[in-house]
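Novice: kindly generate the corresponding structure for this input.
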Amino acid sequence: MIDTLDYEKVPAGFTHCFNGTCKLADTCLRYQAGRHIPETKRSIRTLNPSYVKTKESCSEFMSDVPVKHAYGWTHMFDKLIHEKAVAIKDELLCHYGKSEFYRLKRKEKSFTPRAQQYVRSVFRRYGVTEEPVYEQYRYEYVWWKD
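Specialist: Numbers count the residues shown, from 1 in each chain. Next up is the predicted model:
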């Protein structure tokens, strides 16, 4: 259960839940965000209370456990052989697109755990056994489903 939540970090359009009888409510980010809505918030997006049933699983459940996000990759390729660094950069650029690729570099967007795994798999495909090096790590909630 989340005791305090900086509601400013809840993205616009995030879907809240108010089903307090759900067995998953204590660990669900949607329910926990709903508990911390400030009085000044005029409207929010919410799940239909009739849709969500109290049961063992819920298709809309999102864990309220923060996960490790990585930011920035300015020095990620410093220790790699030039040819491999260029090939890996090209593959990541194709995968993410130019805009997102540079947003990731400038720390405007994070590498989620899933994105970190993808980068690691690209490194392995090119025979690089070292772990990718990011500039910063922060534990954050995952606000969107992959």
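
Novice: so how many other residues sit close to residue 113?
Specialist: Residues contacting residue 113 under the criterion other CB atoms under 10 Å number 14. Heads up, the C-betas are built off the backbone N, CA and C, glycines and all.

Novice: also residue 122?
Specialist: Residues lying near residue 122 (other CB under 10 Å) number 16.

Novice: now do residue 121
Specialist: Going by other CB under 10 Å, the residues that sit close to residue 121 add up to 9.

Novice: doesn't it belong to a strand?
Specialist: No - using DSSP: H, G, I helix; E, B strand; the rest coil, the assignment for residue 121 is helix, not a strand.

Novice: that one and residue 88, how far apart?
Specialist: For residue 121, the distance to residue 88 equals 11 Å [CB to CB, to the nearest Å].

Novice: cool, residue 74 as well?
Specialist: In this structure, residue 74 and residue 88 are separated by 14 Å, where distance is defined by CB to CB.

Novice: please identify which of the two sits among more neighbours.
Specialist: Between residue 74 and residue 88, counting by other CB under 10 Å, residue 88 is the more crowded of the two (20 against 12).

Novice: can you tell me the helix or strand for the more buried one?
Specialist: Assigned by DSSP states H and E, residue 88 falls within helix 82-96.

Novice: same for that helix, what does it pack against?
Specialist: Contact partners of helix 82-96 among helices and strands, from 3 or more CB pairs under 8 Å, 6 or more residues apart in numbering; DSSP states H and E: helix 98-105, helix 113-125.
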